[in-house]
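Novice: please work out how this folds:
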Amino acid sequence: QVQLVESGGGSVQAGESLRLSCAASGFTYTPRSMAWFRQAPGKEREGVAVILPGGPTTDYAVSVKGRFTISLDNAKKTVYLQMNSLKPEDTALYSCAAGSFLTLSDKLYFYWGQGTQVTVSS
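Specialist: I've put the predicted structure just below:
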């Protein structure tokens, strides 16, 4: 059974950093893309960062470019999201997902984790 389990969320002050982890298990193949999404209350889910394990090619939402870094440890089957210079508008539930394309559209991902909450206060 495929599972994506996120961890690393928490409450921080603006300007601080967090590193999220997403541990993948149960795959019989290596997903062609892994991504992080976020959803704030009352807002649509937003693609944050995506990585192609075979690349490593990455892409980021404009709102996080230069502050967030996505990376992958193939041996540990874990995807990370290093988030620096956090802002209150980064507050959301962050979820990881597995798919097949380098895209930040959530419509093209078919495995999802439950998410980890990130709260940034000013």
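Novice: now do the SS call for T119.
Specialist: At T119 the chain is in strand, as set by DSSP: H, G, I helix; E, B strand; the rest coil.
Novice: if I look at it, how far off is T28?
Specialist: Plainly put, T119 is 36 Å away from T28 if you go by Cβ to Cβ, to the nearest Å. Glycine gets a C-beta too; all of them are placed from N, C-alpha and C.
Novice: with neighbour numbers in mind, choose between the two.
Specialist: Ranked by neighbour count (other Cβ atoms under 10 Å), T119 and T28 place T119 first, with 15 against 5.
Novice: now that one. Nearest residue, chain neighbours left out?
Specialist: Nearest residue to T119 in three dimensions, chain neighbours excluded: S11, at 4.4 Å (Cβ to Cβ, 6 or more residues apart in numbering).
Novice: and what of Y94?
Specialist: Sequence neighbours aside, R38 is the residue nearest to Y94 in space, at 4.8 Å (criterion: Cβ to Cβ, 6+ apart).
Novice: which residues touch that neighbour?
Specialist: R45, E46, V48, D90, A92, L93, Y94, S95, V118 (Cβ atoms under 8 Å, 6 or more residues apart in numbering).
Novice: I'd guessed the fourth one sits against M83; true?
Specialist: Yes: applying Cβ atoms under 8 Å as the test, D90 and M83 come out as touching, 6.9 Å apart.
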